[in-house]
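S.K.: Turn this into a model:
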Amino acid sequence: ADKPAARLWAAEQALRCAEVAAVLAWLPQARSPELRRLHLAAHQQRRLLFVMRTLQARHEASPARLRLQLDGVDELRVH
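M.R.: Reported below is the predicted structural model:
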């Protein structure tokens, strides 16, 4: 999805899908309340949720139990 709101919506819908075991989402603009809502949905549905955000988000609040920072990646290429 191109718009941040559409990405959040898609991630939440995927978490509620019975056939989905885990959701990986690129949500660079997600704020703490939105992340809490996704975290709650993942917890309620017993799904894994991986949210990727920009490096600048490391100083923002997050409901994540584990936060990882990857260094040394100049460019992400998808083939």
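
S.K.: low-scoring stretches of the chain, by residue?
M.R.: In the prediction, the chain carries residues with pLDDT under 70 at positions 73-79.

S.K.: how about the strands in it?
M.R.: If you assign secondary structure with DSSP state E, the strands in the chain sit at 22-26, 48-52.

S.K.: just the angle between the helix ranked longest in the chain and strand 22-26, please?
M.R.: Ranked by residue count under DSSP state H, the longest helix found in the chain is helix 32-45. Taking axes from the mean of the first three to the mean of the last three C-alpha atoms, to 10 degrees, one finds that helix 32-45 is oriented at 170 degrees with respect to strand 22-26.

S.K.: Return the distance of A11 relative to R36.
M.R.: If you measure A11 against R36 using C-beta to C-beta, to the nearest Å, the figure is 13 Å. Where you see a C-beta, it was placed from the backbone N, CA and C, and this is true even at glycine.

S.K.: before we move on, back to that, can you list the helices and strands that the longest helix of the chain packs against?
M.R.: Using 3 or more C-beta pairs under 8 Å, 6 or more residues apart in numbering; DSSP states H and E as the contact criterion, the secondary-structure elements in contact with helix 32-45 are helix 4-15, strand 48-52.

S.K.: Report the buried residues of the longest one.
M.R.: Residues R7, L8, A11, E12, A14, L15 are the ones in helix 4-15 that count as buried (16 or more other C-beta atoms under 10 Å).

S.K.: so which of those residues would you say is closest to F50?
M.R.: The shortest separation between F50 and any of those is 10.1 Å, and it belongs to A11 (by C-beta to C-beta).
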